[in-house]
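Visitor: need a 3D model of the sequence below.
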Amino acid sequence: MKGFMIQGTGSDVGKSLIVTAFCRMLVNEGIKVAPYKSQNMSNNSYVTADGSEIGRAQGIQAEAAKTEASVWMNPILLKPQSDRNSEVVLLGKALKTLSGKGYRETFYEKGIEVIHQSIKELSKQYEFLVMEGAGSPVEMNLKDRELVNMKVAEIADVPVFLTADIDRGGVFASIIGTLELFSNEERNRVKGIFINKFRGDFDLFKDGVTFLEERTGIPVLGVLPFISNHMIDREDSLSINEFRSLKKSGELEIAVIQLPYASNISDIEPFLHEEDVALRFVRDASEFGRPDAVIIPGTKSTIRDLQHLRHSGIADKIISFAQNGGFVTGICGGYQMLGKTLIDVEGTDTGEAGFEEGGLGLIDAVTHFQKEKKTIRAEGTYHPQTGIGMEPIEGYEIHLGDTVIPDPMKSPLFLFNSKREEGYYGNGGRLIGTYLHHLFHNDGWRNIWLNRIRDSIHIPRKPKVDVGSLKEERYERLAEEMGKYIDYNRVKKIILDWEREHENH
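Guide: Sure, this is the predicted structure:
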């Protein structure tokens, strides 16, 4: 199959963003293209149209490629639940929880099988694959049973472009060191180098390009700029550091609780478009300060993160803030924490069946963790009891727990098209709980919520910011910006030459 793979000298060098840009550049040429990452480790996930779960990066890349995301684009998703264990999601469905050692020892053959299967399925539907590796391809202690870098490039028989992040320093050593650790066969597959996240005058790096090309014999196909605030959804928890660096001044301050196992942190990205909103991440009680609103995001390990809130002193701060009329929103795991009791019926959250933990007690609710995970896209409107109106709302749910609120206390937030009531709407909208990810990507809801906070702190209301309509514009802008610095014709020639040389293999 025609295609190529972007590998990196390490994690967070910008592989996902480059793949996203290439997907849009290729589809704009009329090529039917799909993204592909065999194995993703991330708690930022994406729900496909059929209710399957894949890595968020591949869902976003599919949108950039103007196609519907499918499980074949990311057949294996690992969702960390602790420092040692991860939930294995295979072809969109949760399979089991394994330790790193257990996964490596028991899953390799199955992984190879599903990688072959997924590439074959994509080849039936698409002309071209833009593939993404993970981390470093030369982790020597893991390399003999890896499922995401050179082994996958070999299965698909595609050339590799190596990407390095100049912003973090050591770019020459990282590129040359990576190439030195490849076998001869692997090194021969590397046909180009990208330097990513460059700041400043590009002319100052001309000597660097010359050095790399002469030292390695591999062409530098692009020195790509550092693109700040690109607003393409992040892949994993490393991106919380990006959010922290993007915090800005604003009259309205939102404190986002930084959970150790936070998931789907992309839920808060739309606030970066609100000019009077400042986002601040809170790791312990000393950082809580005096925010105007608090958001508790989703998590892959609700009870562990709830225990963290208690030990760090943040739990008491949230409770006091809410009891004094503060605006608090809990999404997914954050919603579960707002209740009175959490019961791990099957041991799916803690590993201990029947384990119970007291919640923050702000909502009279009990959450039961079950074995089967719910992954669904949801559409509907605000519940009539809220008095907000009938504006459409949409998002997706990914959760193991079911949260039950007694009928006398029931104040649902949403009424979905299936007539299902969902969420909690209390204190006139000051206390919100919901399983709906991408809640704040709904421009109408975000504007209603922010204007109520603005009223409470006596600052002017703002009109709705149409973030939703900017998505296509972001993909186009990313492709256009990256395209200025990529030797695109040379990239295409390398791919065609590779295909010609390997067509009989």
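Visitor: going forward, measure contacts between C-alpha atoms and count neighbours the same way
Guide: OK.
Visitor: I'd like the next helix or strand past the longest strand seen in the chain.
Guide: Using DSSP state E to define each element, the chain has its longest strand at strand 366-382. Sequence order places strand 392-404 as the next helix or strand after strand 366-382, per DSSP states H and E.
Visitor: does Phe416 touch Thr381 like I think?
Guide: Yes. Counting by CA atoms under 8 Å, Phe416 does reach Thr381; the two are 6.2 Å apart.
Visitor: and Gly428, how far is that from Val328?
Guide: Using CA to CA, to the nearest Å, Gly428 is found at 12 Å from Val328.
Visitor: the two - which one has more neighbours?
Guide: Comparing Gly428 with Val328 by neighbour count (other CA atoms under 10 Å), the higher total belongs to Val328, at 25 against 11.
Visitor: now that one: how far from Trp449?
Guide: Going from Val328 to Trp449 by CA to CA gives 11 Å.
Visitor: just to check, Asn442 is in contact with Tyr382?
Guide: No. Checked against CA under 8 Å, the pair Asn442 and Tyr382 is beyond contact range at 11.7 Å.
Visitor: the stretch 351-500 of the chain: strands as residue ranges?
Guide: Here the stretch 351-500 of the chain has its strands, by DSSP state E, counting those that start in this stretch, at 355-358, 366-382, 392-404, 414-416, 421-422, 424-426, 431-434.
Visitor: name the helices or strands packed onto the longest one?
Guide: So that's strand 366-382. strand 45-47, strand 341-344, strand 392-404, strand 414-416 (3 or more CA pairs under 8 Å, 6 or more residues apart in numbering; DSSP states H and E).
Visitor: pairing partners for it, with directions?
Guide: Paired neighbours of strand 366-382 in the sheet (DSSP bridges): strand 341-344 (parallel), strand 392-404 (antiparallel), strand 414-416 (antiparallel).
Visitor: out of these, flag the one nearest Tyr36.
Guide: Tyr36 lies closest, by CA to CA, to one member of the strands paired with strand 366-382: strand 392-404, at 21.8 Å.
Visitor: what does that closest one rub up against?
Guide: Strand 392-404 has contacts (CA atoms under 8 Å, 6 or more residues apart in numbering) with 47, 332-333, 336, 348, 365-382, 435-439, 442, 445.
Visitor: now those residues: which count as buried?
Guide: Among the contacts of strand 392-404, those buried by neighbour count (16 or more other CA atoms under 10 Å) are 47, 332-333, 336, 348, 365-370, 373-382, 435-439, 442, 445.
Visitor: could you list the low-confidence segments of the stretch 201-350 of the chain?
Guide: Residue ranges of the stretch 201-350 of the chain with pLDDT under 70: 228-248.
Visitor: can you pull out the strands in it?
Guide: Under the criterion DSSP E, counting those that start in this stretch, strands of the stretch 201-350 of the chain are mapped to 220-225, 252-257, 262-263, 277-282, 293-296, 298-299, 327-331, 341-344.
Visitor: where does the chain dip in pLDDT?
Guide: For the chain, residues meeting the criterion pLDDT under 70 lie at 228-248, 408-409, 504-505.
Visitor: scan it for its longest helix.
Guide: Ranked by residue count under DSSP state H, the longest helix found in the chain is helix 108-125.
Visitor: so how far is that one off the chain centroid?
Guide: 23 Å (CA atoms, centre = their mean, to the nearest Å).
Visitor: ok, the closest residue in space to Asp292 that isn't next to it in sequence - contacts?
Guide: Distance criterion CA to CA, 6 or more residues apart in numbering; nearest residue to Asp292, sequence neighbours excluded, is Glu253 at 5.3 Å. Counting by CA under 8 Å, 6+ apart, Glu253 touches 277-280, 291-293.
Visitor: His437 contacts Glu269, correct?
Guide: No. His437 is beyond contact range of Glu269, at 11.9 Å (criterion: CA under 8 Å).
Visitor: tell me the most buried of the strands of the stretch 201-350 of the chain?
Guide: Of all the strands of the stretch 201-350 of the chain, strand 298-299 carries the top mean neighbour count, a mean of 28, counting by mean count of other CA atoms under 10 Å.
Visitor: paired strands for that one, with orientation please.
Guide: strand 262-263 (antiparallel).
Visitor: just to revisit the earlier point, dump the strands paired with strand 366-382 into JSON lines; add distance to Phe107 as well.
Guide: Converted to JSON lines, the strands paired with strand 366-382 look like this (distance: least, CA to CA, whole Å):
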{"stretch": "strand 341-344", "distance to Phe107": "27"}
{"stretch": "strand 392-404", "distance to Phe107": "23"}
{"stretch": "strand 414-416", "distance to Phe107": "38"}
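Visitor: closest one to Phe202 among these?
Guide: The nearest among these, by CA to CA, is strand 392-404 at 41.1 Å.
Visitor: if we go by neighbour counts, what in that closest one is buried?
Guide: If you call a residue buried by 16+ other CA under 10 Å, then strand 392-404 has these buried ones: 393-401, 403-404.
Visitor: wait, which of those residues is closest to Leu90?
Guide: Nearest to Leu90 among the buried residues of strand 392-404, with distances taken as CA to CA, is Ile398, at 15.0 Å.
Visitor: skipping adjacent residues, who's closest to Glu357 in space?
Guide: Leu342 (5.2 Å).
Visitor: quick check: beta-bridge partners of the one you found?
Guide: Residues in a beta bridge with Leu342, per DSSP bridges, are Glu357, Thr367.
Visitor: surely it meets Val366?
Guide: Yes. Counting by CA under 8 Å, Leu342 does reach Val366; the two are 5.9 Å apart.
Visitor: shared neighbours of the two, anything?
Guide: Gln336.
Visitor: ok, now which ones touch Phe202?
Guide: The contact partners of Phe202, by CA under 8 Å, 6+ apart, come to Val223.
Visitor: gap between it and Ile195?
Guide: Distance of Phe202 to Ile195, computed by CA to CA: 11 Å.
Visitor: joint contacts of those two?
Guide: Shared contacts of Phe202 and Ile195 (CA under 8 Å, 6+ apart): Val223.
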